[in-house]
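**Q** Structure here, sequence nowhere to be found:
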């Protein structure tokens, strides 16, 4: 990915996809694996939310995983940007000594 | 780069980036008819017919296909799958992957063009759009026109029908997990539960967004298959190609003119192949990442060739080798191996499911002692027999032992009833006259059989330990 707005930058929709789509897939897998091991009914008693149904727990769990992995994808996208070039800055500020 | 040119570049970039979906102009695929179009329509009807129809089927008094998540059971036409049956799901995934490799090696992106849900639903949405807004030229004109009452009516009714269809799709999707007939009743009486409502809306909105707005952008940016397809293609894969040797140089010509004398190829540069393309590419530039293999360009070019009186097939399914004039090898080792593996694994899976006995029996010998001598002088071993009824109905079972001369089963009761999905632990003892024992460690068979179904029985082997008679 290059400077924002340049021709070599990926389209904005592709950036949105890169943040929300892989996180959706990962959240799905995480939800399946997590709730295969931990039964929400037993955990909700400890958490003080006994009124929530299983489907409700699965749903909230899925969206929680989705939000968390979206954050991870967003950070990954940010750190995938090329670092600001030192050589270009020297042209403006003069070489650092 | 000077400051001026950087500023100018940023200005145009800002204009382009104004809309989320900008950077590409909206693609208006032209409607197409023809052999491949008919195949695609058949696929749409079949697949959507299955998708919308199957949840309404009943079997043995309940929904035929139901994935009961909270109870962790999957019902499939009278067969109940339990979490212990996860192996079948894993096998299914492997078979799906093999099928993908097989069909891609054979003819490229067949999945994308004919059966992918994104393609199927987008086709329906495009069809609805065409019925309301008209064909391609009228759609383009309507989008450029100012917002009159007429335009509001057209666009409004299109989105309304799209949304209704999406909600119905969402309802059907949730109907695979929660009995659909009850859902329908709840919808009609406005008594839907909060989570059901949420997921119907969520999935409906996803359908509306993907098929109505994103369309080909899903294929371009979200689909991993598009990215690694090149790893599965080779020079003998059937791909949609433009025969450049025949078509070039392209150019318009008058009717009946001797175009070959003018140095022209068969391509009249009518641009129809570009207009019908749902991803907006020009197939004459060669096979591209964006091409989903829908063959619309083949259909339209064949029609144009027919009108011109030229032979069909200027754009056709062919292999890279064939285009270069080399001999074609459709049936090659890669294809044969994938095909055989696919056939073998699918057959094994089907056989395994058909001969599946929905009964689990585990025999655990009490390890506290090798054996026990009773007051009557018999040798005794203690076991725990765990029986799980994996069938969808309750059954009465009978326990017996065999395989060891003179063995006698002592249990509180040898007949027990187990409800569907339940398991029982039976503490039992087996005793044998020591005179009949030939070895210190003998094999004994525990048989659990249902009283109302002779095929519902299992035999588990266990060890019986005792002293050797002198």
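**A** In hand now; what should we look at? Fair warning: this is a prediction, and the values are worked out from it, not measured in the lab. Numbering: from 1, shown residues only, chains lettered A, B, ... in the order given.
**Q** From residue B:157, how far off is the closest residue to residue B:159 other than its chain neighbours?
**A** Distance criterion CB to CB, 6 or more residues apart in numbering or on different chains; nearest residue to residue B:159, sequence neighbours excluded, is residue B:212 at 7.5 Å. Every C-beta, even on glycine, is put in place using the N, C-alpha and C of the backbone. According to CB to CB, to the nearest Å, residue B:212 and residue B:157 sit 13 Å apart.
**Q** between the two, who's got more neighbours?
**A** Comparing residue B:212 with residue B:157 by other CB atoms under 10 Å in any protein chain shown, the one with more neighbours is residue B:212, at 20 against 13.
**Q** the strands in the stretch 51-200 of chain B, which residues?
**A** Secondary structure of the stretch 51-200 of chain B, counting by DSSP state E, counting those that start in this stretch: strands at B:58-59, B:62-63, B:65-68, B:73-76, B:79-81.
**Q** what sits against the closest residue to residue B:334 other than its chain neighbours?
**A** Nearest non-adjacent residue to residue B:334, counting by CB to CB, 6+ apart: residue B:105, 5.4 Å away. Contact analysis of residue B:105 by CB atoms under 8 Å, 6 or more residues apart in numbering or on different chains lists B:232, B:233, B:234, B:237, B:334, B:335, B:338.
**Q** And the fifth one, what's its pLDDT?
**A** I take that to be residue B:334. Reported pLDDT at residue B:334 in the predicted model: 89.
**Q** likewise the second one?
**A** Residue B:233 is assigned a predicted lDDT (pLDDT) of 87.
**Q** That one reaches residue B:241, doesn't it?
**A** No: between residue B:233 and residue B:241 there is no contact, the gap being 11.8 Å when judged by CB atoms under 8 Å.
**Q** give me phi/psi at the residue in the stretch 201-350 of chain B that chain A sits nearest to?
**A** Proximity of the stretch 201-350 of chain B to chain A (CB to the nearest CB) peaks at residue B:221, 4.4 Å away. Note on residue B:221: its backbone torsions stand at phi -110, psi -20 [degrees, to the nearest 10].
**Q** neighbours around it, how many?
**A** Neighbourhood size, residue B:221 [other CB under 10 Å]: 18.
**Q** With residue B:77 instead?
**A** Residues contacting residue B:77 under the criterion other CB under 10 Å number 10.
**Q** show me what contacts it?
**A** Counting by CB under 8 Å, 6+ apart, residue B:77 makes contact with B:59, B:64, B:65.
**Q** Now do the contacts for the most centrally placed residue in chain A.
**A** What sits nearest the mean C-alpha location of chain A, by CA atoms, centre = their mean, is residue A:70, with 2.0 Å. Under the criterion of CB under 8 Å, 6+ apart, the neighbours of residue A:70 are A:19, A:20, A:23.
**Q** quick one, strands of the stretch 201-350 of chain B?
**A** B:239-242, B:315-318.
**Q** rewinding a little: of the contacts of residue A:70 - the most surrounded one?
**A** residue A:23 (21 neighbours).
**Q** where does chain A dip in pLDDT?
**A** Within chain A, the segments meeting pLDDT under 70 span A:1-8, A:86-97.
**Q** where exactly do the helices run in it?
**A** With DSSP state H as the criterion, chain A has helices at A:12-37, A:40-47, A:54-79, A:86-93.
**Q** cool, the stretch 51-200 of chain B as well?
**A** B:86-107, B:110, B:117-133, B:136-144, B:149-175, B:180-188, B:194-207 (DSSP state H, counting those that start in this stretch).
**Q** Of all the ones you listed, which one is nearest residue B:315?
**A** Checking the helices of the stretch 51-200 of chain B against residue B:315 by CB to CB gives helix B:86-107 as the closest, at 14.9 Å.
**Q** Tell me the first helix or strand C-terminal of that closest one.
**A** helix B:110 (DSSP states H and E).
**Q** ok now that next one, how far from the chain's centre?
**A** 14 Å (CA atoms, centre = their mean, to the nearest Å).
**Q** cool, and stretch B:285-295?
**A** Centroid separation for stretch B:285-295 versus its chain: 23 Å, with CA atoms, centre = their mean.
**Q** That one near chain A at all?
**A** No: if you take CB under 8 Å from any CB of the partner chain as the test, stretch B:285-295 misses chain A, and the best it gets is 13.0 Å.
**Q** returning to what we had before: so for residue A:52, which of the strands of the stretch 201-350 of chain B sits nearest?
**A** Residue A:52 sits nearest to strand B:239-242 of all these, at 51.3 Å, using CB to CB.
**Q** List the buried residues for the closest one?
**A** Of the residues in strand B:239-242, B:239, B:240, B:241, B:242 count as buried by neighbour count, 16 or more other CB atoms under 10 Å in any protein chain shown.
**Q** Stretch B:378-385 now?
**A** For stretch B:378-385, burial by neighbour count (16+ other CB under 10 Å) applies to B:378, B:379, B:380, B:381, B:382, B:383, B:385.
**Q** Relative to chain A, how far out is the first one?
**A** Using CB to the nearest CB, to the nearest Å, one obtains 45 Å as the distance from residue B:378 to chain A.
**Q** Give me the local confidence score for that residue.
**A** 89.
**Q** ok, the closest residue to it other than its chain neighbours to residue B:359 distance?
**A** With CB to CB, 6+ apart as the criterion, residue B:378 has its nearest non-adjacent residue at 4.3 Å, and that residue is residue B:431. Residue B:431 sits 26 Å away from residue B:359, going by CB to CB.
**Q** And for residue B:293?
**A** Distance from residue B:293 to residue B:359, counting by CB to CB: 47 Å.
**Q** With residue B:346 instead?
**A** From residue B:346 to residue B:359 the distance is 25 Å (CB to CB).
**Q** Same check on residue B:443?
**A** From residue B:443 across to residue B:359, the span is 21 Å (CB to CB).
**Q** between these two, who's got more neighbours?
**A** Using other CB under 10 Å as the criterion, residue B:443 and residue B:359 rank with residue B:359 on top: 21 against 11.
**Q** Could you tell me what pLDDT the model assigned to the more buried one?
**A** 90.
**Q** hang on, the earlier thing: please name the bridge partners of the residue nearest to residue B:378.
**A** Counting by DSSP bridges, residue B:431 forms beta bridges with residue B:380, residue B:408.
**Q** how close does residue B:197 sit to chain A?
**A** Taking CB to the nearest CB, one finds residue B:197 at 11 Å from chain A.
**Q** Any stretches of chain B with poor pLDDT?
**A** Those would be B:1-24, B:469-470, if you go by pLDDT under 70 across chain B.
**Q** Looking at it, which strand is longest?
**A** strand B:453-465 (DSSP state E).
**Q** for it, which positions count as buried?
**A** By neighbour count on 16+ other CB under 10 Å, the buried set for strand B:453-465 is B:456, B:457, B:458, B:460, B:462, B:464.
**Q** What pairs with it, parallel or antiparallel?
**A** The sheet places strand B:453-465 alongside strand B:441-450 (antiparallel), with pairing taken from DSSP bridges.
**Q** Now do the strand it pairs with: everything it contacts.
**A** Strand B:441-450 has contacts (CB under 8 Å, 6+ apart) with B:359, B:361, B:363, B:383, B:385, B:387, B:395-404, B:407, B:430, B:456-466.
**Q** same check, this time on stretch B:288-298
**A** Contacting residues not belonging to stretch B:288-298 are listed as B:29, B:32, B:34, B:36-37, B:39-40, B:107-110, B:112-114, B:116, B:119, B:216, B:219-220, B:226-227, B:239-240, B:273, B:276-281, B:283, B:315-317 [CB under 8 Å, 6+ apart].
**Q** go on, stretch B:343-362?
**A** So stretch B:343-362 is contacted by B:79-80, B:84, B:88, B:91-92, B:94-95, B:98, B:385-392, B:423, B:446, B:448, B:450, B:455-458, B:460 (CB under 8 Å, 6+ apart).
**Q** Just the buried subset of the residues you listed, written out for PyMOL, thanks.
**A** Restricted to buried positions by 16+ other CB under 10 Å, the PyMOL selection for those reads:
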select buried, chain B and resi 79+80+88+91+95+98+385+387+388+389+390+391+392+446+448+450+456+457+458+460
